[in-house]
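Participant: My questions are about this predicted structure, shown below with the sequence.
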Amino acid sequence: MKARRVFPSLRRVMVPIIDGCDPEDALAAAATFASDTVLVGVVRVPEGEALSAAAAAARRVRASLRRLGQEPRVRTKARVRVSTQPWLELRAAAEGERPDLLLIDWNCALVGLGVTPAELLSGSPSNLALVRGRVPPAPLRVLLPMRGGPYAELALRLALSLGPAEIVPLHLTRPGDAATDAPFRGLERVLRHLPELHARYATTDDPAATILALEIEGGACAGPGGNEIITEIVRVDVTETESTVDIVVWVRETPFVGTCAGVGMLLPVEAALTTPLGDRTLWDGGTVPPTEVAR
């Protein structure tokens, strides 16, 4: 599925290149989100050490910038920023470049910048996203928790850029927050006109607990006839009552080219609940008869 041009596309994404960190996941995400990627080299020097102590690290980062700068739609900043406070240096670069999005890899880049997630999110001069793991080239399903604040539209834009078959916006509110829910209502009108979006709603004191993380067996494996197959998650159906939660995970098996190295792999599944699971019994509704899932 191609991303719809409901919102304007991002033009420029900035990615820091940090000594000792693999930037490939962040770069892959940047290429998906925007037409222009700007790379900034950053080296952290421990407090009390001379900046010259980081000369070797700076050379490694400069070599990485030269290599990565040869990729299409990628440009690099010539100066490698060496500092005991590299986050402040990266902030200054972002203020000068004014990217639509600052994209930072979790967790190595946080260590390399010497900041906590809270410091990063509260002090960024531009929109910021943290990347954890490789963004798949054609995801089947994206779960998108959203409150309706100033960044909800940006989150939706990024989800649409991935071109998934289905997006599940999970709108989370706290009890008594109806008066602060107005920003989401304007966005909700957009959601209704996108057929690939299937919104869910939840009111809870514990928003994180409404997202149930599970695992199912999958990955590449040998089929009954000896052919190798790969398992993909198509959709997740949730049925809730006061005492139980039934989960059905629909999968698709397709031919797999390569060795069967994925035998025994577990695939992560995220299910959106209307209320936290609490003491309710969790059932695997895809089995006959349904079986209780251990927690």
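Facilitator: Sure thing, it's come through. All of these numbers come straight from a predicted model, not from anything done at the bench.

Participant: With residue 124 as the reference, measure out to the nearest residue to residue 135 once chain neighbours are set aside.
Facilitator: Excluding the flanking residues, the one nearest residue 135 by CB to CB, 6 or more residues apart in numbering is residue 29, at 4.7 Å. (Each C-beta comes from the backbone N, C-alpha and C, glycine too.) Counting by CB to CB, to the nearest Å, the separation of residue 29 from residue 124 is 16 Å.

Participant: out of the two, which sits in the more crowded spot?
Facilitator: Higher neighbour count among residue 29 and residue 124: residue 29, with 24 against 17, using other CB atoms under 10 Å.

Participant: quick one, phi psi at that one?
Facilitator: Note on residue 29: backbone dihedrals following degrees, to the nearest 10 are phi -70, psi -40.

Participant: after the one helix or strand residue 122 maps to comes which helix or strand?
Facilitator: Assigned by DSSP states H and E, residue 122 belongs to helix 117-123. For helix 117-123, the following helix or strand on the C-terminal side (DSSP H and E) is strand 128-131.

Participant: Pairing partners for that next one, with directions?
Facilitator: strand 101-105 (parallel) (DSSP bridges).

Participant: after the partner strand, next one along is what?
Facilitator: helix 108-113.

Participant: Could I get the pLDDT score of the residue lying closest to residue 140 once chain neighbours are set aside?
Facilitator: Spatial nearest neighbour of residue 140, excluding adjacent residues (CB to CB, 6+ apart): residue 165 at 4.9 Å. We have a pLDDT of 83 for residue 165.

Participant: and residue 165, how many neighbours does it have?
Facilitator: Residue 165 is flanked by 13 other residues according to other CB under 10 Å.

Participant: contacting residues for it?
Facilitator: Going by CB atoms under 8 Å, 6 or more residues apart in numbering, residue 165 touches 1, 139, 140, 141, 196, 234.

Participant: distance of it from residue 159?
Facilitator: 12 Å.

Participant: next one: residue 194
Facilitator: Distance check for residue 194 against residue 159: by CB to CB, it reads 10 Å.

Participant: Find the residues that touch each one of these two.
Facilitator: What both residue 194 and residue 159 touch, as defined by CB under 8 Å, 6+ apart, is the set residue 167.

Participant: The two: who's more crowded?
Facilitator: residue 159 (21 against 15).

Participant: If you rank the contacts of residue 165 by neighbours, which is first?
Facilitator: Ranked by the number of neighbours (other CB under 10 Å), the contacts of residue 165 place residue 141 first, at 19 neighbours.

Participant: right, and that residue touches residue 249 too?
Facilitator: No - using CB atoms under 8 Å, residue 141 and residue 249 do not qualify as a contacting pair, with a distance of 10.4 Å.

Participant: Now for those two: what residues contact both?
Facilitator: Overlap between the contact sets of residue 141 and residue 249, as judged by CB under 8 Å, 6+ apart, is given by 233, 236.

Participant: which parts of the helix holding residue 122 are buried?
Facilitator: residue 120 (16 or more other CB atoms under 10 Å).

Participant: gap between it and the chain center?
Facilitator: 17 Å (CA atoms, centre = their mean, to the nearest Å).

Participant: Need the contact partners of that helix.
Facilitator: By CB under 8 Å, 6+ apart, helix 117-123 touches 87, 91, 104, 106, 110, 113, 115, 128, 130.

Participant: check contacts around residue 112.
Facilitator: Listed by CB under 8 Å, 6+ apart, the contact set of residue 112 reads 16, 18, 19, 20, 21, 42, 44, 86.

Participant: Could you tell me the per-residue confidence at it?
Facilitator: 93.

Participant: now swap in residue 253 and tell me
Facilitator: Residue 253 is given a pLDDT of 74.
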